[in-house]
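Dropping the sequence and predicted coords here.
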Amino acid sequence: MKKTILFALLGAVILFAWQFISFAMPNFHKASAEYTPLQDEVLAALDDSGLKEGMYMLGQPDPELSGDAYKQAMEVYEGKPWAVLNFQMNNSSAMTMNMIRSFIMMILISWIFLWFIRQQKDPTLFKRILAGLAVGFIGFCFVPYSSFIWFKEPDIWAFLLDATVPWIVLGWLGHKMT
């Protein structure tokens, strides 16, 4: 049990540290949060519009339209600009609870991963590293890549890095600790 708890904590530190590296320094995901000098005008226009908080797909017809009307409206948007907008009313730099929740999730994920690799019948270092790579790749394909297919997020390669590097390290660590 001590090894399980130790692995869960070490794994959480590795995953948490990787997220910091990936999103803060050197910030592999910076392409998905570019600065525009037009931000003040855009934010003021959004605030003045009365738009409610939420995530919006801009450049699509009203989903309440009938089938034929929707199809006709779609033709109007074909080849035109579009955007995904995540509009929040209050910017907050308070990070403590977000970091605590994230770290707790990293502990849980590491615990589950250790359980997973302990299920292997013939555990070798190579198989455990492959298991880590498989877990990361499954997660990558299911969410970031599936989303990229439709929404063209510019940081897709950073997500692939996120899905490989820390999970290979966890596979190695899991082999050493079991």
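Nice, thanks for sending it over. Keep in mind the model is a prediction, meaning the values are calculated, not measured.

all strands of the protein, in order?
Using DSSP state E, the strands of the chain run over residues 54-58, 83-87.

can you state the direction angle for the last one and strand 54-58?
If you take axes from the mean of the first three to the mean of the last three C-alpha atoms, to 10 degrees, strand 83-87 sits at 160 degrees to strand 54-58.

just checking, what packs against strand 83-87?
strand 54-58 (3 or more C-beta pairs under 8 Å, 6 or more residues apart in numbering; DSSP states H and E). Any C-beta I mention is one placed from the backbone N, CA and C, and that applies to glycine too.

okay, the strand it packs on in CSV with CA atoms only?
Provided in CSV are the C-alpha atoms of strand 54-58 (Å, rounded to 0.1, in the frame of the first residue of the first chain):
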residue,chain,number,x,y,z
GLY,A,54,-20.9,30.4,-22.5
MET,A,55,-19.1,28.8,-25.4
TYR,A,56,-20.4,29.6,-28.8
MET,A,57,-19.8,28.4,-32.3
LEU,A,58,-19.9,31.4,-34.6
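
Name the residues that touch that strand?
Applying C-beta atoms under 8 Å, 6 or more residues apart in numbering, the set of residues contacting strand 54-58 from outside is 82-87.

give me the low-pLDDT residue ranges for this protein?
Residues of the chain meeting the criterion pLDDT under 70: none.
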